[in-house]
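Asks: have a look; sequence and predicted model below, questions after that.
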There are 2 protein chains.
Amino acid sequence: MAEPKDDKRIAVDTVGSPDEIVAQLVGIHPADIAAALERLDSDAVTRVLYALDEETAADVLINLDEHVLAEVLEQLRPPEIAEFASELDSDDAADVIGLLDSSKRALVLDKLDENERAEVEGLLRYEVESAGGIMASELVYVNDDAKCQDAIEVVRGAAEELENIHYVYVTDRDRRLKGVLPLYKLVVARPDSRVSNVMDPDVVSASAEMDREDVASLFSKYDLVAMPVVDAGGVLVGRITVDDIIDVIQEEADEDISIMAGTSEEELHEESAMRVSRIRLPWLVVGALGGLASASVMNYYRLSLEKVLALAFFVPVITAMGGNVGLQTSTIIVRGMHSDGGFSGRAASRLLREWRVAITNAILLGGAVYSTVGFWLGDWRLASVVGGSLALVILVAATLGTVMPFTLKRIGIDPAVAQGPFVTTLNDIIGIMVYLGLASVLIERLG
Amino acid sequence: MAEPKDDKRIAVDTVGSPDEIVAQLVGIHPADIAAALERLDSDAVTRVLYALDEETAADVLINLDEHVLAEVLEQLRPPEIAEFASELDSDDAADVIGLLDSSKRALVLDKLDENERAEVEGLLRYEVESAGGIMASELVYVNDDAKCQDAIEVVRGAAEELENIHYVYVTDRDRRLKGVLPLYKLVVARPDSRVSNVMDPDVVSASAEMDREDVASLFSKYDLVAMPVVDAGGVLVGRITVDDIIDVIQEEADEDISIMAGTSEEELHEESAMRVSRIRLPWLVVGALGGLASASVMNYYRLSLEKVLALAFFVPVITAMGGNVGLQTSTIIVRGMHSDGGFSGRAASRLLREWRVAITNAILLGGAVYSTVGFWLGDWRLASVVGGSLALVILVAATLGTVMPFTLKRIGIDPAVAQGPFVTTLNDIIGIMVYLGLASVLIERLG
């Protein structure tokens, strides 16, 4: 392991000869080289990768951000990609090869040796978001009638290829998972004891089809550093390591935040203003269409607005409050669904809780706005319309914020969408309808 | 390790005798017992904890959600808390004892043996959000002149207390960190080799004061499962394990989302509507005050609105667009600050990029809204006011969304605040000022 450095201080000069390029990178950790290379164009990155020895180049490659990696892979020739891939663990090799288009992918697979090819092809068949999609095929396992010294030999054989061995898995003759032997137990066990007497027989394992978010929850709940993956018959097929789980957790969190903001992580790596604009525009168009729908609602109530122009002044209060209450509510509902012991299914009881909160807030805020408007404009009829409909809008927004995530989940859409611009826009329109509808009824009645 | 279960299927009957309570929990993993107990009141949880043996009870305790744990600790007596704490690793013991008020904390510390007490008191002195705040004091280390068989003896001695040993640290006589010996190397090394010949001399370590988010970035970058912590003199003082880093990453992500939504994770565990309301109200009051400020801006432009009522119709378009553009922009800026190779400091170049995107979107959306309003109401002067100020509002919101996170960061406030209700509200007010300001000038000029 090379010394970690602050990558911001590493400047890579890529115009020299291969030897000159390599000389400046000696002793720098591949993750730091990757971080420094991400600031260069893909031609320069390719020059550096070709200059490095294959093992280091492969380690740098897999540490590149996925978007940079995809660009660099376009520059690399299939034989070199295959050489780098064969230096990597199977899950990383599959991640790299999975980014290629199908014709280049076939060329690269062709250059791998038969075993590597079979492993990578096997891994590529799993869904990207499943346990199979993040597992590696390299396994350190022994038969359950083996002795501890046999297990040590297995570790010795594997240690040249793999760097992160923490467990030896124990299987029966058909490779069905029977237990796990943490290395610290192996270190202190008598060499001639049977592994079946030293191992933990209760293993937390994942099935290959399990959603990777559920796998991440298991890692978090049971404080694991690695987890074996089994097929439907209980046969050991791979293992997932905690570094990949950290990536899963970060990606899922980033995804949720991007949905809330109506954008995408992709654009972080996008320099073209046109393409960034294309990522953001759909959400802005939703907002614009919603705004125009609100305008047509106001147009519909034109007569009431002509009579009492001040009604229009409070439209921003109504939309801001509907938006904020809706977002607070949907966020708590979606968070609750994600967390352990989540309350999925108990929609009715959550709705009751949210209504109790909403009624409290509706009374307090409706009352405060009623008095403010009343004292400010001296028009207590207008004050009651604004205060009353604000209270009503808070209740409606809380209801939408609760019901939407449950509904989206039921129809198979990520409930996090309920925190995004679409639902906020819907809240705006409904809020204005409630407000002006109530106002026009009261104005007709009273005036 | 006991078999993991779906905790939703575990129903704990807490009315029986201690023996009856324990009988139904045999073979269930403490994390699953904890998840099942979280649905009970704290009296019932306390009965179960007293019924279990101390080691299991301590493991259940530390797996409880922090809010449930705090309630349960109020029920437990100091001597029992001390007994549970002495079963835990020092970081977990410090987490539990750190939740107590100062008088109860003193009583519990008094019951611990001298070593444990010193360890816990030492850990409690570190900032909660620092490396010291999440590290454990238990260390498996050997002197650099030791042989591998000595290291194996050290692991043997520690294995009874600690379950997650993956590395032996190597130090000099003054306990200054010199290297790390992964267990898989120890397993395959010759017993009489010197650890200094087998160890990795380049270790990624954290200083005790380092921010825990920076520690998490190091774990993620270098794919670590544990990291040693050193003091200012390079002396080994503790270690951080990856399970705590997973918690840090999840907490930080939840915190960001809560800030965006103007709420707090706390309320997930809060049943009282009044208290939930108190968490949410401050943000709603910000929105309400902002809405009233918008109302007074509209009141200021009352004459223009009286002349052209339809101007009011498009206020929701303006505020929705300002809010969405501001949120998209600030989210990308804040995400970029968080990610590896983040662009902190390069505010000016980000602003240029955001302006290019904003100009593209402003032309497209301004143009689309201009034509829609023109064809809809047949009033092309109104259409140009709405379309033109929409374009301007998009530019202003993109500027605010870029400048705010950098400004907040500079004055020491979490830049994520720029994604919250406060900045959206500010965008609303500024948007309406721009829109009606421009409109009133044009109306005076043209008609």
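Replies: In hand now; what should we look at? Residues are numbered from 1 along each chain as shown, chains lettered A, B, ... in the order given.
Asks: hey, where'd the strands end up in chain A?
Replies: Listed in chain order, the strands of chain A (DSSP state E) span A:141-143, A:167-171, A:177-182, A:206-207, A:226-230, A:236-241.
Asks: and the ones you listed as CSV, adding mean neighbour count and distance to chain B?
Replies: Every C-beta, even on glycine, is put in place using the N, C-alpha and C of the backbone. Below are the strands of chain A laid out as CSV (neighbours: other Cβ atoms under 10 Å in any protein chain shown; distance: least, Cβ to the nearest Cβ, whole Å):
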stretch, mean neighbour count, distance to chain B
strand A:141-143, 20, 13
strand A:167-171, 25, 9
strand A:177-182, 21, 8
strand A:206-207, 20, 11
strand A:226-230, 23, 8
strand A:236-241, 24, 8
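Asks: pLDDT weak spots in the stretch 151-300 of chain A?
Replies: Across the stretch 151-300 of chain A, the ranges flagged by pLDDT under 70 are A:269.
Asks: what do you get if the cut-off is 90, keeping everything else the same?
Replies: Residue ranges of the stretch 151-300 of chain A with pLDDT under 90: A:156-166, A:184, A:186-189, A:191, A:202, A:250-287.
Asks: nearest to chain B: which residue in it?
Replies: Proximity of the stretch 151-300 of chain A to chain B (Cβ to the nearest Cβ) peaks at residue A:291, 3.0 Å away.
Asks: coming back round to it: in a markdown table: the strands of chain A, plus distance to residue B:202.
Replies: What follows is the strands of chain A, written out as a markdown table (distance: least, Cβ to Cβ, whole Å):
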| stretch | distance to residue B:202 |
| --- | --- |
| strand A:141-143 | 30 |
| strand A:167-171 | 25 |
| strand A:177-182 | 25 |
| strand A:206-207 | 33 |
| strand A:226-230 | 23 |
| strand A:236-241 | 21 |
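Asks: centroid residue for chain A?
Replies: residue A:252 (1.5 Å; Cα atoms, centre = their mean).
Asks: need the nearest residue in space to that residue, chain neighbours excluded.
Replies: Ranked by Cβ to Cβ, 6 or more residues apart in numbering or on different chains and with sequence neighbours excluded, the top spatial neighbour of residue A:252 is residue A:213, at 6.0 Å.
Asks: tell me if I'm right that the one you found and residue A:248 touch.
Replies: Yes - under the criterion of Cβ atoms under 8 Å, residue A:213 makes contact with residue A:248 at 7.0 Å.
Asks: have a look at these two and say which one is more surrounded.
Replies: Applying other Cβ atoms under 10 Å in any protein chain shown to residue A:213 and residue A:248 shows that residue A:248 carries more neighbours, namely 17 against 13.
Asks: which residues sit in contact with that one?
Replies: Counting by Cβ atoms under 8 Å, 6 or more residues apart in numbering or on different chains, residue A:248 touches A:134, A:212, A:213, A:215, A:216.
Asks: so which two of those are the farthest from each other?
Replies: Spanning the widest gap among the contacts of residue A:248 are A:134 and A:213, at 10.9 Å by Cβ to Cβ.
Asks: I'd guessed residue A:277 sits against residue B:363; true?
Replies: No - applying Cβ under 8 Å, one finds residue A:277 not in contact with residue B:363, separated by 9.7 Å.
Asks: ok, back up a step: list just the nearest of the contacts of residue A:248 to residue B:443.
Replies: residue A:213 (54.6 Å).
Asks: ok, now how distant is that closest one from residue A:147?
Replies: Distance from residue A:213 to residue A:147, counting by Cβ to Cβ, to the nearest Å: 39 Å.
Asks: not counting sequence-adjacent ones, nearest residue to residue A:223?
Replies: The spatial neighbour of residue A:223 that comes closest, neighbours along the chain excluded (Cβ to Cβ, 6+ apart), is residue B:243 at 3.8 Å.
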